[in-house]
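> need a 3D model of the following:
(one chain, ligands or ions: 1)
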Amino acid sequence: MYFNERIETMERLQLRQLQSERLVKLVKYTYDNVKFYRERMDKAGVKPEDIKSIDDISKLPFMQKQDLRDYYPTDTFAAPMKDIVRFHASSGTTGKPIVAGYTQNDLECWAEGVARCLTAYGVSKEDIVQVSYGYGLFTGGLGAHDGASKIGAAVLPTSSGNTAKQIMLMKDLKTTTLCCTPSYALFLAESIENDPDTDVKKDLHLRVGAFGAEPWTENMRKELEKKLNINAYDIYGLTEVSGPGVGGECEYQDGTHLWEDMFFPEIIDPVTLQPVEPGQQGELVFTTLTKEGMPVVRYRTRDLTHLIYDKCRCGRTMVRMGRILGRSDDMLIIRGVNVFPSTIESCILEFPEYTGQYFITVDRVNNVDTFDVDVELRPDFANASEDEKKGLKDKLVNRLVSVLGIKPSLHIVEPNSIERSQGKAKHVLDKRKLA
Ligand code: DLL
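Numbers count the residues shown, from 1 in each chain. Coordinates of the predicted model:
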């Protein structure tokens, strides 16, 4: 099922034409209304008239998170404040947040993006959608809410936290669709497992999970699908570009379709800033083609992924994005080796004995990097003998060494001792950065 069949299945040549028309308009709009774009383009020697089609996009300068910080809070807004109807802000932990402003039309387009995702997952007005993403400045809660409303589903806006109540309402109101971060879904699944009054198959009506806002792996998908008895789908997005629903998976779970009529994606080499060969991994860059409030032109997301232009079996022509490995900022360099937390997660989840909860601590002692990983055994394995535990530990260490190329100090910690997340999980403490 499609939410907007005409657009989602549009011939690529026609899509390219639409993107060209929108880009030409956008460049003039931003040049005329935002000093930042005018100055950047003047400096690069590009005039709006030089942009005649989407093929000219590479003439335009890039934009980075720091630019949005420098122009905090609203100096990159292109619409007058009277037309702004909503603010959100990014979840950055240090310094000033990035503030996004939306016009009414921006909210409509955003909701359409989420509605397209939910429809692709098989969600309709018959469904009860529990939104356990946080409501507030974070775009997850209200973004998922507006998208679910757009398809006429019944929204249960629980926001994040209060897990016992989430499960009670999920049961009593017969929630069919759960929207939250994959790490919170894992915590919910564990809590349901430990609740003697709730049996996933008998007492719950869950069918679909719409998970995103942080990197997650195929192994995590399998774990969540099994534990919650659902189909789990990826939903991707970021505040600077709009929020959740920049793209989502279809029923084939084979890449995340990006809604290219609204968000034009490019993949560049983060060092040379040149486009990579089609299909190669690199940094994802977006240009918003329909946004009015705070449009972005060639915004560098720092997210590392690749794009798949082959036609999908679902009939959608929109490009697919591979799983996000992580943000370049989240990549750890340990003893000279690049390590993404998502790779560690994937290895842990290959072993059914572990809960999938983990925490990485990196430090530097006597000029050598230390690399510690805490993992938990599932309660039914926690009473294993010391010998059995040692065997399990060795197996996981060997797996991590073969995948990462370096050896962590692995610690099996008490069940439930790693802090559970209600939103985006925090998996890493890099003490080297604190020194
Ligand atoms: O996380 C928007 C969102 C909310 C997306 C709910 C999906 C669901 P920010 O807080 O601005 O916005 O964080 C954006 O989160 O650049 C990625 O690094 C990461 N991210 C978002 N979705 C995914 C995903 C929201 N599906 C940043 N897979 C992005 C991997 C994701 N990483």
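
> next, G391: phi, psi?
When read as degrees, to the nearest 10, the backbone of G391 gives phi -60, psi -40.

> pLDDT score for it?
What the model reports as pLDDT for G391 is 96.

> if I look at it, how far off is L400?
15 Å (CB to CB, to the nearest Å). Just so you know, the C-beta spots here come from the backbone N, C-alpha and C atoms, and that holds for glycine as well.

> which one of these two has more residues nearby?
L400 (21 against 11; other CB atoms under 10 Å).

> helices or strands next to the helix or strand that one falls within in the packing?
Assigned by DSSP states H and E, L400 belongs to helix 386-404. When contacts are defined as 3 or more CB pairs under 8 Å, 6 or more residues apart in numbering; DSSP states H and E, helix 386-404 packs onto helix 341-348, strand 368-377, strand 409-413.

> let me know which of these is tucked in deepest.
helix 341-348 (a mean of 21; mean count of other CB atoms under 10 Å).

> in whichever helix or strand comes after that one, what's buried?
Next along the chain after helix 341-348, taking DSSP H and E as the criterion, comes strand 354-365. Of all the residues in strand 354-365, those buried under the rule 16 or more other CB atoms under 10 Å are Y354, T355, G356, Q357, Y358, F359, I360, T361, V362.

> quick one: strand 354-365 to chain centroid distance?
Offset of strand 354-365 from its chain centre (CA atoms, centre = their mean, to the nearest Å): 22 Å.

> show me the contact partners of it.
For strand 354-365, contacts defined as CB atoms under 8 Å, 6 or more residues apart in numbering pick out 186, 190, 220, 223, 332, 334, 341, 344-345, 348-349, 369-378, 396, 408, 415, 418-420, 427-432, 435.

> 7 Å instead, please
186, 190, 220, 223, 332, 334, 341, 344-345, 348-349, 369-378, 418, 427-432 (CB atoms under 7 Å, 6 or more residues apart in numbering).

> for stretch 36-53, same thing?
20, 23-24, 27-28, 30-31, 56, 59-61, 67, 71, 75-76, 297.

> separate out the buried members of those residues.
Members of the contacts of stretch 36-53 classed as buried by 16+ other CB under 10 Å are S20, L23, V24, V27, T30, Y31, L60, D67, Y71, T76, V297.

> now for those residues: which two are most distant?
S20 and Y71 (27.5 Å; CB to CB).

> and the residue of the stretch 1-150 of the chain nearest the ligand?
G140 (3.6 Å; CB to the nearest ligand atom).

> show me which residues of the stretch 201-350 of the chain are close to the ligand?
212-215, 234-239, 243-244, 301, 303, 324, 327 (CB under 6 Å from any ligand atom).

> can you tell me how far the residue of the stretch 251-400 of the chain found nearest the ligand sits from Y252?
Per CB to the nearest ligand atom, I324 is where the stretch 251-400 of the chain lies closest to the ligand, at 3.7 Å. Here I324 is placed at a distance of 18 Å from Y252 (CB to CB).

> so which of the two has more stuff around it?
Shown here are I324 and Y252; by other CB under 10 Å, I324 has more neighbours (21 against 12).

> next, that one: phi, psi?
phi -80, psi 120.

> ends of stretch 83-95, what's the gap?
End-to-end distance for stretch 83-95: 28 Å, by CA to CA, to the nearest Å.

> tell me how many other residues crowd the closest residue to D56 other than its chain neighbours.
Counting by CB to CB, 6 or more residues apart in numbering, D56 lies nearest to D50, which is 6.5 Å off, once chain neighbours are set aside. D50 sits with 13 neighbouring residues when counted by other CB under 10 Å.

> per-residue pLDDT, D50?
So D50 comes in at 98 (pLDDT).

> relative to Q19, how far out is it?
Counting by CB to CB, the gap from D50 to Q19 is 17 Å.

> ok, now L26?
Taking CB to CB, one finds L26 at 10 Å from Q19.

> likewise E277?
Taking CB to CB, one finds E277 at 21 Å from Q19.

> more crowded one of the two?
Set E277 next to Q19 and count neighbours by other CB under 10 Å: Q19 wins out with 21 against 9.

> which ones are touching E11?
E11 neighbours (CB under 7 Å, 6+ apart): T317.

> T175 too?
Taking CB under 7 Å, 6+ apart as the test, what T175 contacts is I128, Q130, L156, H205, L206.

> now with 6 Å?
By CB atoms under 6 Å, 6 or more residues apart in numbering, the contact list for T175 reads I128, Q130.

> per-residue confidence at it?
98.

> residue contacts, L284?
T301, D303, T305.

> correct me, but the second one touches R323?
What that stands for is D303. No - in this structure D303 lies outside contact range of R323 using CB atoms under 6 Å: 10.4 Å.

> so for those two, which sits in the more crowded spot?
Ranked by neighbour count (other CB under 10 Å), D303 and R323 place D303 first, with 22 against 19.

> helix/strand/coil for the more buried one?
strand (DSSP: H, G, I helix; E, B strand; the rest coil).

> now do stretch 63-77: distance to the chain's middle.
Distance, centroid of stretch 63-77 to centroid of chain: 21 Å (CA atoms, centre = their mean).

> quick one: end-to-end distance for it.
Note: stretch 63-77 ends 14 Å apart using CA to CA.

> make 3 the first number, not 1, from now on.
From this message on, residue numbering opens at 3, which makes the last subject stretch 65-79.

> tell me which residues in it are buried?
M65, K67, D69, L70, Y73, P75, T78, F79.

> so which of the residues you listed are in strands?
Judged by DSSP state E, strands contain none of the buried residues of stretch 65-79.

> got those residues as a markdown table, with pLDDT and distance to the ligand columns?
As requested, the buried residues of stretch 65-79 are arranged in a markdown table below (pLDDT from 0 to 100; distance: CB to the nearest ligand atom, whole Å):
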| residue | pLDDT | distance to the ligand |
| --- | --- | --- |
| M65 | 98 | 14 |
| K67 | 94 | 10 |
| D69 | 96 | 15 |
| L70 | 95 | 11 |
| Y73 | 96 | 17 |
| P75 | 96 | 16 |
| T78 | 98 | 15 |
| F79 | 98 | 17 |
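
> tell me how many other residues surround Q19.
14.

> check which helix or strand it maps to.
helix 14-35.

> which pLDDT value goes with the most centrally placed residue in the chain?
Centroid-nearest residue in the chain, with CA atoms, centre = their mean: A215, separated by 3.5 Å. We have a pLDDT of 97 for A215.

> so how far is G239 from it?
8 Å.

> what about the spatially closest residue to R24 that is not a sequence neighbour, neighbour count?
Distance criterion CB to CB, 6+ apart; nearest residue to R24, sequence neighbours excluded, is L291 at 3.9 Å. Look at L291: counted by other CB under 10 Å, it has 23 neighbours.
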